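> Compute the structure for the input listed below.
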Amino acid sequence: MKKFDSRSYLASLNIDVMRFGLETVAGLLGKLGNPQNSFPSILIAGTNGKGSTAAMTASILKAAGYKTGLYTSPHLSDVRERILVNGKMIPGREFDNLLARLAAAGSVPATYFEILTAAAFLYFRRRQVDIAVLEVGLGGRLDATNICQPLVSVITNIARDHMAILGNTLSEIAQEKAGIIKQNGICLTGVRQKKALNVIAAECRHRHAGLYRLGVDFKITGKRNGFLTYAGRKTRVDNLTVPLAGRHQLDNAALALAALEAIEPAGFSVTPDNIRRGLQKTNWPARLEVLQRNPFFIVDGAHNPAGISVLCRALRKDFSYRRLILIFGALADKEYCRMLRKIAPLADRIIVTGIESGRAVTADELQETVRKLGFQAKKTVNVKQALTLAAELAASCDLICAAGSLYLAAAVKHAFPETASCDKTTRLPKKGVFRF
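The predicted model follows:
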């Protein structure tokens, strides 16, 4: 019998093909006994920050002793990064077996994301997880993850992204995100824009769901001693630290703690010490991740104008450097002109580069966009050349920042022999030491 080739199978599905609707994934999972109903879950949507919120939530649950599944997207280097139990990737052989089972079970061809979502549900059932934390892929209402019935639905924030699919206004995008709110459920949100918040509130009223807001019902505040305090609806936790860089991560941490507070009546008890240890051990790569310190090199997965705005705020307030050297690459279906308009004025040197994706905007187009904005940029054919050029330009007191796409972030991380997230102390490579 010929061995099932999972890589070829996934490649045949085409990662860029998307289908919005639950019929196919519902039919597929129904044939497999609806594994998504065999464990409790937390479902997290939002334009930005949903992955960080999911990672912190899962890390705290693990620290509390619960066997915790985590499903996120996209991946950086290995597709199995998307499916974790207690922080460990699904083993390769088990991943292959599950994909073979799914390929045999599907009568209607499923998409890449639908298959991986189903694989995650099957794996979590097989491992008998106590709870799973699920990141929505795109939107919410019609996303494959929305087939589950979560204990709590989280909407981190709403901004303009994927407008061709989700709608051109914040209200339209909010309507899609609000689709994860369940009948008689609980919704937590960090959304602040009035129009978007009104949509979420209306959906909660329609579904008789409770709505709790960041900054109103729960929040994280700073203390003079450098530690943080979470103040929730019923819980207060002092002496917290959030290892992920950027002040926006405090909002994500508050949402994670509020989600844990919301599931306590379902039997999930988490102590203040669990919270402190879980937060401190959170690892979420390519989000203001420090790869090198001499000179400083950070990589960030910001890939839309809202994410770039957050990155710009962090560059202004959270880092100290003499010159900023920007490496930028993006997908053509993103608002890369708006992104560059925000970040280009902060950069002393700009390097634009092509990235390996059929959806990528070319370096020539990016260079021309930068020129039209009134700045100059050097272009490189690929990320490796961009890294070489950045290393040549940077002095030890400078900061190199790579941003614009998670595809870019993955390529940058692959080029480094060592990486260190903000919560690690690994010795880092010297200036100009890259692996090609």
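
> Pull stretch 141-160 out as PDB, backbone CA atoms only.
The C-alpha coordinates for stretch 141-160 follow below in PDB (Å, rounded to 0.1, in the frame of the first residue of the first chain):
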ATOM      1  CA  ARG A 141     -19.300  34.000  11.300                       C
ATOM      2  CA  LEU A 142     -18.300  31.700   8.400                       C
ATOM      3  CA  ASP A 143     -14.900  30.600   9.600                       C
ATOM      4  CA  ALA A 144     -14.400  26.800  10.000                       C
ATOM      5  CA  THR A 145     -13.500  27.200  13.700                       C
ATOM      6  CA  ASN A 146     -17.000  28.600  14.400                       C
ATOM      7  CA  ILE A 147     -18.400  25.100  14.200                       C
ATOM      8  CA  CYS A 148     -17.600  24.700  17.900                       C
ATOM      9  CA  GLN A 149     -19.700  25.800  20.900                       C
ATOM     10  CA  PRO A 150     -17.200  27.800  23.000                       C
ATOM     11  CA  LEU A 151     -17.600  28.600  26.700                       C
ATOM     12  CA  VAL A 152     -16.600  32.200  25.900                       C
ATOM     13  CA  SER A 153     -16.200  34.100  22.600                       C
ATOM     14  CA  VAL A 154     -13.500  36.800  22.500                       C
ATOM     15  CA  ILE A 155     -13.200  39.600  19.900                       C
ATOM     16  CA  THR A 156      -9.900  41.400  20.500                       C
ATOM     17  CA  ASN A 157     -10.300  44.400  18.200                       C
ATOM     18  CA  ILE A 158     -11.600  45.400  14.800                       C
ATOM     19  CA  ALA A 159      -9.800  47.300  12.000                       C
ATOM     20  CA  ARG A 160      -9.900  47.400   8.200                       C
END
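
> For the strand or helix carrying residue 51, name the packing helices and strands.
Assigned by DSSP states H and E, residue 51 belongs to helix 50-63. Using 3 or more CB pairs under 8 Å, 6 or more residues apart in numbering; DSSP states H and E, the elements in contact with helix 50-63 are strand 41-45, strand 68-71, strand 131-135, helix 248-263, helix 272-280. C-beta: built from backbone N, CA, C; applies to glycine.

> residue boundaries of the strands in the stretch 301-436 of the chain?
Shown for the stretch 301-436 of the chain, the strands assigned by DSSP state E, counting those that start in this stretch span residues 324-328, 349-353, 378-380, 399-403.

> Residue 96 contacts residue 4, correct?
Yes: with contact defined as CB atoms under 8 Å, residue 96 reaches residue 4; the gap is 6.0 Å.

> still on that earlier bit, and of the strands of the stretch 301-436 of the chain, who's closest to residue 202?
Closest approach to residue 202 among these is made by strand 399-403 (35.1 Å; CB to CB).

> Let's see the pLDDT reported for the closest residue to residue 146 other than its chain neighbours.
Among residues not flanking residue 146 along the chain, residue 180 sits closest, at 5.5 Å (CB to CB, 6 or more residues apart in numbering). Among the per-residue scores, residue 180 shows a pLDDT of 97.
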